[in-house]
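Asks: No sequence on hand, only this structure:
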């Protein structure tokens, strides 16, 4: 069993508005992410949120939602809340960021297959040679993940355990694009129009 944890409780500081509720191709950014997670081979999907609207969207799609009352603690808080809400029988956690609206279920499934078919404890996708999301961590690393602090997420663990990391090169770099600035959002809007 593999649990997908959608981390959707950031502050979108560089955008000055909640980027996850922006519209892209007729749907909200977070909706696109939830839908591909649901369509994938993930066995359960958990949404960690701070904006009530995002929590409502998660409930509309019938996934487990967890309110993050301490989002100022950074990405690590979303990770921990997701882990604690996950089924005890899960073998791995996939951490999905809420601001990658071009992500698709095919890519999620490729990363899951890589985890299932080798002995690495961590799987990281690469886009044009750069490490990205979503990442998978074996449940054997649960204790380490629950000790992570701040906004670095699981990067410290990846850096500490290079021999336990498997990389999946993803052909379509666009699925790995995220939104941090208004310019990046406009760029994705253009991409959607050209489809």
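Replies: Done, it's in. Quick caveat, the model's predicted, so the values are computed rather than measured. Numbers count the residues shown, from 1 in each chain.
Asks: host element of the most centrally placed residue in the chain?
Replies: Centroid-nearest residue in the chain, with C-alpha atoms, centre = their mean: residue 96, separated by 0.9 Å. In the assignment (DSSP states H and E), residue 96 maps to strand 92-97.
Asks: Show the contacting residues for the residue nearest to the centre of the chain.
Replies: For residue 96, the contacting residues are 4, 5, 6, 7, 33, 37, 103, 108, 133, 134, by C-beta atoms under 8 Å, 6 or more residues apart in numbering. Quick note: C-beta positions are derived from backbone N, CA and C, even for glycine.
Asks: Skipping adjacent residues, who's closest to the fifth one in space?
Replies: When the adjacent residues along the chain are set aside, residue 33 lies closest to residue 98, with 5.5 Å between them (C-beta to C-beta, 6 or more residues apart in numbering).
Asks: any idea how far the one you found is from residue 51?
Replies: Shown here: residue 98 relative to residue 51, a distance of 10 Å by C-beta to C-beta, to the nearest Å.
Asks: now the angle from the next helix or strand after the strand holding residue 96 to strand 92-97?
Replies: Note on strand 92-97: by DSSP H and E, the next helix or strand toward the C-terminus is helix 105-116. Here helix 105-116 runs at an angle of 150 degrees relative to strand 92-97 (axes from the mean of the first three to the mean of the last three C-alpha atoms, to 10 degrees).
Asks: Run through who's touching the lowest-mean-pLDDT helix or strand in the chain.
Replies: The helix or strand of the chain with the poorest confidence is helix 182-194; it has a mean of 81 (mean pLDDT, DSSP states H and E). Contact partners of helix 182-194, identified using C-beta under 8 Å, 6+ apart, comprise 15, 19, 22, 24, 25, 101, 102, 174, 177, 178, 179.
Asks: buried subset of these?
Replies: Restricting the contacts of helix 182-194 to buried positions leaves 15, 19, 22, 24, 101, 102, 177, 178, 179, with burial counted as 16 or more other C-beta atoms under 10 Å.
Asks: And the furthest pair within the residues you listed?
Replies: Spatially, the most separated pair among the buried ones among the contacts of helix 182-194 is 15 and 102, at 17.2 Å (C-beta to C-beta).
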